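[1] Curious how this folds, go ahead:
(2 chains)
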Amino acid sequence: DTAVSQTPKYLVTQMGNDKSIKCEQNLGHDTMYWYKQDSKKFLKIMFSYNNKELIINETVPNRFSPKSPDKAHLNLHINSLELGDSAVYFCASSQDRVGAGVRTGELFFGEGSRLTVL
Amino acid sequence: GEDVEQSLFLSVREGDSSVINCTYTDSSSTYLYWYKQEPGAGLQLLTYIFSNMDMKQDQRLTVLLNKKDKHLSLRIADTQTGDSAIYFCAFRDNFNKFYFGSGTKLNVKP
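    This next block holds a predicted model:
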């Protein structure tokens, strides 16, 4: 039973195209995130949603648009893809209120979606 | 925000101990984590420590927290080839924002 699942795992596309990556979590968490990991393995937060509401929106080109139809899903749509968008994109979730029954509030990551823009 | 630094590489021989270090700037984080990332996979939580603790031991893993020096370390005893991976330290602040180090690539030689 995958806790955080994202599709597709691999995506190869041409510059200028539009693509989407989907993410779903079955952990009942309040908060979901998108992270970008570059070729040097640096992890950079892009967006965070809490109960379908955008709470973190880092300096990301507006070609990137997250959408959260419900608290278990957070999708990422990218318009007009550029070479520099090539990276691994990770979806993650966490329980926002750390308290009774929630020990550590850590992030749970999906397996990643490797995007290659040619 | 938090600045988190880790050395990029560590190479050890199988059976030796590995120590991965992390320094940070903001001391308000309550939860501090170590994640492991194997090739082609997502990050998996390895262990964690609360900011009111100095040390936590979990089988082969020992986490040390020195709040005065803002230093977090992960020691892996009897390192195995299966421990080869990238290790990230991470912090969660009081606004539920997470900060990650740059990752340390651990290479275990047989």
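[2] correct me, but residue A:64 touches residue A:75?
    No: with contact defined as Cβ atoms under 8 Å, residue A:64 and residue A:75 do not form a contacting pair (11.2 Å). Every C-beta, even on glycine, is put in place using the N, C-alpha and C of the backbone.
[3] Which residues of chain B lie near chain A?
    Chain B has residues B:31, B:33, B:35, B:37, B:40-45, B:48, B:86, B:88, B:90, B:92, B:96-98, B:100, B:102-103, B:105 near chain A, with proximity defined as Cβ under 8 Å from any Cβ of the partner chain.
[4] ok, of these, which come out buried?
    For the residues of chain B next to chain A, a neighbour count by 16 or more other Cβ atoms under 10 Å in any protein chain shown gives the buried set as B:31, B:33, B:35, B:37, B:42-43, B:48, B:86, B:88, B:90, B:92, B:96-98, B:100, B:102-103, B:105.
[5] In the helix or strand bottoming out on mean pLDDT in chain A, which residues are buried?
    Across the helices and strands of chain A, mean pLDDT, DSSP states H and E gives its lowest value to strand A:53-57, namely a mean of 82. Within strand A:53-57, the residues scored as buried using 16+ other Cβ under 10 Å are residue A:56.
[6] From the contact counts, what lies against whichever helix or strand comes after that strand?
    The first helix or strand that comes after strand A:53-57 along the chain, using DSSP states H and E, is strand A:64-70. On a contact count with 3 or more Cβ pairs under 8 Å, 6 or more residues apart in numbering or on different chains; DSSP states H and E, strand A:64-70 meets strand A:43-50, strand A:53-57, strand A:73-78.
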